[in-house]
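Student: A predicted structure for the sequence below; I have some questions about it.
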Amino acid sequence: MAKKNKGITPVNLIAAINPFSTAAEQYRKIRTNIEFSSADKKIKTLVMTSSGPSEGKTTTAANLAVVFANAGSKVLLVDADLRKPNVALSFRVPNVNGLSNYLTEANATNDSFLTNHNASHSELAQGDNQIGSRLVETDIENLYLFPSGPTPPNPSELLASKRMQELVDTLAASFDLVIFDMPPVVTVTDAQIMSSYVDGTILVVRERKTNKQAIQEAKHLLDMVKAKIIGVVYNGKKQSDESYYYYGTEGTK
């Protein structure tokens, strides 16, 4: 069994646990905003990042994956944070064989591997395809996970490889939406690299946590790679005396 990373705790999957909560409804509003964010091209691949740690990017990525799946989209949530992965832990699935394993192997395949959209978990797990055998079908209908796998010594180099670029295209051809959970963009270059491959990038900020200078630096780094920033998720704002958080999107200027 893979060891848990110290200091990492599971995120709150509120959209799955309490789908009628106010927070879950806010995630559905973000889903709608994403769907209408591009008039000429459907968003099929999406990077989720933040300026710094503990700003809610994984929570946002996971809950958005849930609400898109609930709406009937076939969704893949990829834990591309190869440094401090949290997706497998949050969904309580093994993280012994995943993205890092795939990227370090030879002979990638680019064929669509999910031809049967009603494939069972066992069929996915036992498939011959190198990618399909690493997918995890969750208890939530239409939602699949691609765990990070063991922490590699060279995350940025793996994500910058041709193999990773080809993987993004392969996944996009097989799912309605692929969400990549990334490390903070100001801390390491991983999110910059991935943002240059995908259809859209969302920056997550947190009230009383993210400062203006960090947001400006994050946007500057993403602009450098011509990332398409489709919005900002502002989270952590308490409504009245309630215990839930408010999540919303707003366009960047």
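Tutor: Cool, the structure landed. Numbers count the residues shown, from 1 in each chain.

Student: Now do the contacts for Ala16.
Tutor: 63, 66, 140 (Cβ atoms under 8 Å, 6 or more residues apart in numbering). Where C-beta positions appear, they are placed from N, C-alpha and C, glycine not excepted.

Student: which residues of this protein fall in helices?
Tutor: 14-17, 22-35, 57-70, 87-91, 99-103, 121-125, 155-159, 162-174, 190-195, 212-224 (DSSP state H).

Student: Of those, which is nearest Leu77?
Tutor: Nearest of those to Leu77, taken as Cβ to Cβ: helix 57-70 at 4.2 Å.

Student: can you pull the buried residues of that closest one?
Tutor: Neighbour counts using 16 or more other Cβ atoms under 10 Å place 57-70 of helix 57-70 among the buried residues.

Student: show me what contacts Ser90?
Tutor: 10-11, 13, 58, 62.

Student: can you redo those as JSON lines with distance to Asn211 and pLDDT?
Tutor: What follows is the contacts of Ser90, written out as JSON lines (distance: Cβ to Cβ, whole Å; pLDDT from 0 to 100):
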{"residue": "Pro10", "distance to Asn211": "27", "pLDDT": "91"}
{"residue": "Val11", "distance to Asn211": "23", "pLDDT": "92"}
{"residue": "Leu13", "distance to Asn211": "28", "pLDDT": "95"}
{"residue": "Thr58", "distance to Asn211": "20", "pLDDT": "95"}
{"residue": "Ala62", "distance to Asn211": "25", "pLDDT": "97"}
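
Student: farthest-separated two in those?
Tutor: Between any two of the contacts of Ser90 (Cβ to Cβ), the greatest distance is 10.5 Å, for Leu13 and Thr58.

Student: Between the contacts of Ser90, which sits nearest Leu222?
Tutor: Distance to Leu222, by Cβ to Cβ, is smallest for Thr58 among the contacts of Ser90, at 18.2 Å.

Student: Relative to Ser90, how far out is that closest one?
Tutor: As judged by Cβ to Cβ, to the nearest Å, Thr58 and Ser90 stand 7 Å apart.

Student: Quickly list what's touching both of the two.
Tutor: Shared contacts of Thr58 and Ser90 (Cβ under 8 Å, 6+ apart): Val11.
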